[in-house]
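Asker: okay, predicted coordinates and the sequence, questions at the end:
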Amino acid sequence: MHTLLRTLCLLSCLIAIPQILTAAPPQPALPPPSAAPSAYTVTVIPFYGPEKIWALYTPFIDYLKAATGKPWTLKLFPSHKALIDGLCHNQVSLALLGPVPLGRVMAQCQAEPVAVALSMDGTPNYRSIVVTIDPVVTSLAGLKGTRFGLFKGSTAAHILPRRILRQAGLDKNDIVPVFFESQDHIVNALLSRQISAAGLKEALFQKFKDVGFRVLATSEPLPNFAFTAAPGANPAVRELFAETLLRLRPATNVDDQKRMTAWDDEIKHGFIPPTDTFRSSVKELLVTTDEIMRADR
């Protein structure tokens, strides 16, 4: 009897072994889906290095939180292209963009500006300034053969300086272009004499005009930076953001002026709604930009 039971048990095990061997191995648990980006996420075009942008725009984010009671956060992208793709794919709700990136997102994904920053003169415009620190250079013509700093794709530090040089008869082969990752890197290169000249946004030049920078040329007025909503931004969030900025009056309200003192120069002078004229200027500048970018490939 015991022998028969042992035999039956052995047969059962032999039958079960192939089933065990052929059974599908256990599957690892799938990772949880990534959280959707917050509706209250803002980004800034990387015209400075990330550490500097973070320091400059944290007071602005803190104001948004206090003024709206919403959990606003700042998200940074490593490049213009990454930011444009991120905005068009709704990875953020709002972005501070220069006129050329703004033109690109308007064309690429129908993103729209919601609040245009004012310059120190109270207009929605700014200028690019070609400066030098080289005592030998006294005119644009004197830049021939020199090292010229550029921030690829930047309106103030690439597109307009190149157009100014072209208008002065200097092609890209007449200078030695040196590309940097941000405008503050260009300033450092000027101060350390790694380059002879470069183009800077007017507000940045004002900070360094007393350290030996000399103006060689100034561009015509350009459409200023603007906060722009992603195509899929929640309409209520977009409206709340715009209303919060448009009611600031630093030119006439002392409290607003004090509050905005610590903000970046790009956004500390107040905002106005975008106009059709502003949008048209952005589109026209994009045409010039594409022409110069093709020439600089």
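Answerer: Great, that's in hand.
Asker: CA only for contacts and neighbour counts going forward, please
Answerer: Fine.
Asker: wouldn't Q110 be in contact with P231 here?
Answerer: Yes - under the criterion of Cα atoms under 8 Å, Q110 lies in contact with P231, with a separation of 6.3 Å.
Asker: more crowded one of the two?
Answerer: For Q110 and P231, the more surrounded residue by other Cα atoms under 10 Å is P231, and the numbers stand at 19 against 15.
Asker: ramachandran coordinates for the more buried one?
Answerer: In terms of degrees, to the nearest 10, the main-chain angles of P231 are phi -60, psi -30.
Asker: so the closest residue to it other than its chain neighbours versus L286, what's the distance?
Answerer: In space, and not counting its chain neighbours, P231 is closest to A111: 4.9 Å by Cα to Cα, 6 or more residues apart in numbering. From A111 across to L286, the span is 15 Å (Cα to Cα, to the nearest Å).
Asker: same deal with Q257?
Answerer: Spatial separation of Q257 from L286 under the definition Cα to Cα is 33 Å.
Asker: just Y40 next, same as before
Answerer: Distance of Y40 to L286, computed by Cα to Cα: 29 Å.
Asker: got it, and D62?
Answerer: With distances defined as Cα to Cα, the gap from D62 to L286 amounts to 33 Å.
Asker: more neighbours: which of those two?
Answerer: Neighbours around D62 and L286, counted as other Cα under 10 Å, are more numerous at L286. The numbers are 21 against 13.
Asker: run through who's touching the strand or helix carrying that one.
Answerer: Here L286, judged by DSSP states H and E, is contained in helix 276-295. Residues outside helix 276-295 that contact it (Cα atoms under 8 Å, 6 or more residues apart in numbering): 99-100, 102-104, 153, 155, 159, 162-163, 222-223.
Asker: and which of those is nearest F180?
Answerer: Minimum separation from F180 among the contacts of helix 276-295 (Cα to Cα) is found for G153, which lies at 10.7 Å.
Asker: can you redo the contacts of helix 276-295 as CSV with neighbour count, distance to A197 and pLDDT?
Answerer: What follows is the contacts of helix 276-295, written out as CSV (neighbours: other Cα atoms under 10 Å; distance: Cα to Cα, whole Å; pLDDT from 0 to 100):
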residue, neighbour count, distance to A197, pLDDT
P99, 24, 23, 92
V100, 25, 22, 89
L102, 26, 27, 95
G103, 25, 27, 94
R104, 17, 28, 93
G153, 17, 17, 78
T155, 24, 16, 85
I159, 26, 15, 89
R162, 25, 12, 93
R163, 17, 15, 91
L222, 20, 21, 90
P223, 23, 24, 94
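Asker: return the subset of those lying in strands.
Answerer: Secondary-structure check on these using DSSP state E: residues within strands are 222-223.
Asker: of the contacts of helix 276-295, closest to L190?
Answerer: Sorting the contacts of helix 276-295 by distance to L190 puts R162 at the head of the list, at 17.3 Å, by Cα to Cα.
Asker: show me what contacts that closest one?
Answerer: Taking Cα under 8 Å, 6+ apart as the definition of contact, the neighbours of R162 are 172, 292.
Asker: quick one: the strands in the stretch 151-297 of the chain?
Answerer: Taking DSSP state E, counting those that start in this stretch, the strands of the stretch 151-297 of the chain run over residues 176-179, 197-201, 214-218, 222-223, 226-229, 271-272.
Asker: which one of those lies nearest to A262?
Answerer: Relative to A262, the nearest member of the strands of the stretch 151-297 of the chain by Cα to Cα is strand 271-272, separated by 16.3 Å.
Asker: what comes into contact with the closest one?
Answerer: Applying Cα under 8 Å, 6+ apart, the external contacts of strand 271-272 come out as 115-118, 124, 245-246, 248.
Asker: next one: stretch 127-137
Answerer: Outside stretch 127-137, the residues within contact range by Cα under 8 Å, 6+ apart are 142-143, 155-157, 160-161, 190-191, 193, 196-202, 205, 212-222.
Asker: and K70, helix, strand or coil?
Answerer: For K70, the reduced secondary structure class is coil; criterion used: DSSP: H, G, I helix; E, B strand; the rest coil.
Asker: please consider this matter closed, and thank you.
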